[in-house]
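Engineer: The following comprises the amino acid sequence and a computationally predicted model.
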Amino acid sequence: MRASPRRPPFFATVRGTLVLLLLVVLLPVLLAQVGLSVSNYFARLSQEAQAQVDLARAIARTTESFVRDVQRTELAVGTTLTASPPPSPAEQTRLLTTVADDYPAILRINWLDPAGRALASSDPRAVGLDFGDRPYAQEVQAGQEMVLSNLFSARVDGQDVFTISRGIRDAQGNLLGIVVAVVDPKRLGELALTIERTGGAAIAIFDARGRLVYRRPEVPPDQIGQDWTSALPQLAQASAGQEVTGTFVSPVDGQERVFALAPIRVGGWVALADRSAAQVTAPLIRDLLVQLGLLLGIGGLGLAVALQGSRTITEPLYRVREHALAVGRGETPPPVAPSGPVELRDLASASNRMAAEIQAREQRITALYESERQARAAAEAAIQARDQFLAGSAHELKTPVTNLRGFAELALRRLEKEGPPPPEALRHTLETIDRQADRLARLVAQLLDVAAAEAGELEVARERTDLAALARDVAGRMQSATHRQLRVSAPQPVEAVVDRGRIEQALLNLLDNAAKYSPKDRPIELEVLAPEPATARIAVRDYGPGVPPERRELLFTRFYQAQAGRPFAGLGLGLYYARLVAELHGGHIEAEFPAGGGTRIVLSLPAAPVSASSGSGGER
Amino acid sequence: MSAQQRILVVDDDEAILEFVKEALADEGYTVLTALDGAEALQIAAQSPPDLILLDMRMPVTDGWQFASAYRAAPGPHAPTIVMTAARDAPAIAREIGADGYLAKPFSLDDLLEVVARHALPRPAPP
């Protein structure tokens, strides 16, 4: 293929169009796929958030149940402790220890008097300590039936703990004492929380101040009690009773996580369920990437196929293009081999057919032009011949006209100067004028015959004639006019059916010519014979200089003069007319140049056998 | 009119020769005639003319041949007048160095005028 001088825009080419089509098809699919994936992504996120909400609720409910269970137990313990008679201190300790042992998360259970002093405990270290300054004790004293405390540092051993307290009152509402269960948050998971199916999620519980009470997976002990309100400000909302979902950056690992907060309906606590956002989105992104890769793969494959396919279109197109250009340059290129898709094969065939038709048309035009050129040349030649004929005719006529005019003017002049001439002189003058007039008339007649013959319109009047007698008659007239020595040899009648006047004129021409082109003292020979029954022959021979060989060919053409070589001046109508007459009668004329010198013109005519009936009439 | 001026007339048409001869003889010229160039050269050599009237197209020796042979011959040369039926009489006259021309068919007056104008005057006999 030949590079175009100017590269067209890519999308204007076949290849570009195919690629464009491909893009038009693939791009919406790609966009739709991306849209679907994005919507999937958000649906999955929302689904995940819902899962976290469910999880957080479950944690909240479980925590609530745990707290209520402990409180119910505390109520039972308190009731027992305030029964009458009251149990002994040893019995109190045993009861408290038994109950504490039932709950793995409960470090100890204290029995406080209404002022907050520990009367008994499952832990002997607590007995006698005053907890009246603790907020949970004060809240119970203030009238609250039960209190879930925030996390705080235990007075007994400095551990981070929280308490579930229950005031024990008599029928009148007087506070009799407070049962306080001290819970180790670290052990909440083992004991109270039955949530196992967290699906990779993290769960956590916060107290009312937003401090981390419990988390699974576990965090280092020093992180328990950490304040998360800055990392997760929504804790306050949840603490106020609202469920909240969203994403946040976990203080545990610094990763973005999807979370749900559910309020625990005791003590303003909050349950948290969260999951790594990356973990949620990773499969989505993986799916997306796989789909994208698949699409790109299909697109690339399509592109490759389109480019290859475009070649099967463009290659035949280029060939047709080169072919058309070559035809346009007037070359004759070999036909294009049809290839590629059917339409392109049709195109190649059409191009071939067009080239063939153009060539055929060119040939026709060339032939037409050639025949036109020939016709024009022939017409021009005819016009030239006609001009020449006219010029020649005028020339021929000028001499007798000069004579006519001259003799007439001379006679007039003499009449004026000398009076009437003597009869002899007048007769001579009139005879001379008559001869010239006759000559003129004969010339005109011959010219008209030539013109008519050339137009194919010459009619001859034939009659049976004895050519020998005709020749003797013409010779006699000639003799008296020119005084030349004329030898006539016509021993036998030679009969032919001819136009008598025209044969006479032809013979006169031959004799005139002979007289003119030969010395006066040399004889002219006239011969009439029939060498065979069907042929009559009239021969005129002179003893002049003859005709140079290079001029013989033109001897019988119109107005030809044997000794030309000068600017044309016409004579020679005589021989041409003789030839015309011969041919008009179905005969022919020839020039011979005998060894003895001079020229011999032989006029051959078809003879009529003597026995044949005499004919006449205007045959052509 | 100068008597005894000799005019040589050359033409292959005898009728023209007769007419010109009679016309000029009536005017007192001496007229010599020739039927072709060869004859004319002979006459011109024997009795030099005072003017030559020359037809161009003639058998044997034509006007062109005569003109070049006459110019080549020694002795004084008479003026030459071309008599022709050709269309380009002036051109032919120039070509052969003639002094004038008579285009056929010419009138008697033309003939006499041209001859009177060009014929050399003959010195009076002593």
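Structural biologist: Great, that's in hand.
Engineer: contacts and neighbour counts: CA atoms only from here.
Structural biologist: Fine.
Engineer: element containing the residue nearest to the spatial centre of chain B?
Structural biologist: Residue closest to the average C-alpha location in chain B (CA atoms, centre = their mean): residue B:53, at 1.6 Å. Here residue B:53 sits within strand B:51-55, counting by DSSP states H and E.
Engineer: Pull the contacting residues for the residue nearest to the centre of chain B.
Structural biologist: Residue B:53 is in contact with B:7, B:8, B:9, B:10, B:80, B:81, B:82, B:83, counting by CA atoms under 8 Å, 6 or more residues apart in numbering or on different chains.
Engineer: Turn those residues into CSV, columns for neighbour count, distance to residue A:575 and pLDDT.
Structural biologist: Output for these, formatted as CSV (neighbours: other CA atoms under 10 Å in any protein chain shown; distance: CA to CA, whole Å; pLDDT from 0 to 100):
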residue, neighbour count, distance to residue A:575, pLDDT
B:7, 25, 34, 95
B:8, 24, 31, 95
B:9, 26, 28, 96
B:10, 30, 24, 95
B:80, 24, 32, 95
B:81, 23, 30, 95
B:82, 25, 27, 94
B:83, 27, 25, 93
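Engineer: Just the ones of the residues you listed in strands?
Structural biologist: B:7, B:8, B:9, B:10, B:80, B:81, B:82, B:83 (DSSP state E).
Engineer: check contacts around the second one.
Structural biologist: Contact analysis of residue B:8 by CA under 8 Å, 6+ apart lists B:31, B:32, B:33, B:34, B:40, B:44, B:49, B:50, B:51, B:52, B:53.
Engineer: ok, longest helix in the chain?
Structural biologist: Because you didn't say which chain, this covers chain A. helix A:342-418 (DSSP state H).
Engineer: actually it's chain B I care about, not the one you picked
Structural biologist: helix B:14-26.
Engineer: Over to the residue in the stretch 51-200 of chain A positioned nearest to chain B. Which of the three states is it?
Structural biologist: Relative to chain B, the nearest point of the stretch 51-200 of chain A is residue A:51 (129.6 Å; CA to the nearest CA). At residue A:51 the chain is in helix, as set by DSSP: H, G, I helix; E, B strand; the rest coil.
Engineer: Quick one: low-confidence residue ranges for chain B.
Structural biologist: Applying pLDDT under 70 to chain B flags residues B:1-3, B:123-126.
Engineer: same deal with the stretch 501-620 of chain A?
Structural biologist: Using pLDDT under 70, the flagged stretches of the stretch 501-620 of chain A are A:559-572, A:609-620.
Engineer: same check, this time on the stretch 151-300 of chain A
Structural biologist: Residues of the stretch 151-300 of chain A meeting the criterion pLDDT under 70: A:190-199.
Engineer: and the residue of it found nearest chain B, what helix or strand is that in?
Structural biologist: Using CA to the nearest CA, residue A:300 is the residue of the stretch 151-300 of chain A that sits closest to chain B, at 93.4 Å. Assigned by DSSP H and E, residue A:300 belongs to helix A:277-328.
Engineer: what do you get for residue A:245?
Structural biologist: strand A:244-249.
Engineer: who does that strand touch, helix- and strand-wise?
Structural biologist: helix A:14-81, helix A:234-239, strand A:256-263 (3 or more CA pairs under 8 Å, 6 or more residues apart in numbering or on different chains; DSSP states H and E).
Engineer: wait, what's in contact with residue A:271?
Structural biologist: Counted by CA under 8 Å, 6+ apart, residue A:271 has contacts A:56, A:57, A:59, A:60, A:203, A:204, A:205, A:206, A:261, A:262, A:263, A:264.
Engineer: In the longest helix of chain B, which residues are buried?
Structural biologist: By neighbour count on 16 or more other CA atoms under 10 Å in any protein chain shown, the buried set for helix B:14-26 is B:15, B:16, B:17, B:18, B:19, B:20, B:21, B:22, B:23, B:24.
Engineer: Report whether the expected contact of the fifth one with residue A:404 is present.
Structural biologist: No: with contact defined as CA atoms under 8 Å, residue B:19 does not count as touching residue A:404 (9.4 Å).
Engineer: distance of the nearest residue to residue A:466 once chain neighbours are set aside from residue A:483?
Structural biologist: With sequence-adjacent residues excluded and distances taken as CA to CA, 6 or more residues apart in numbering or on different chains, residue A:466 is closest to residue A:495, at 4.5 Å. The spacing between residue A:495 and residue A:483, counted by CA to CA, to the nearest Å, is 29 Å.
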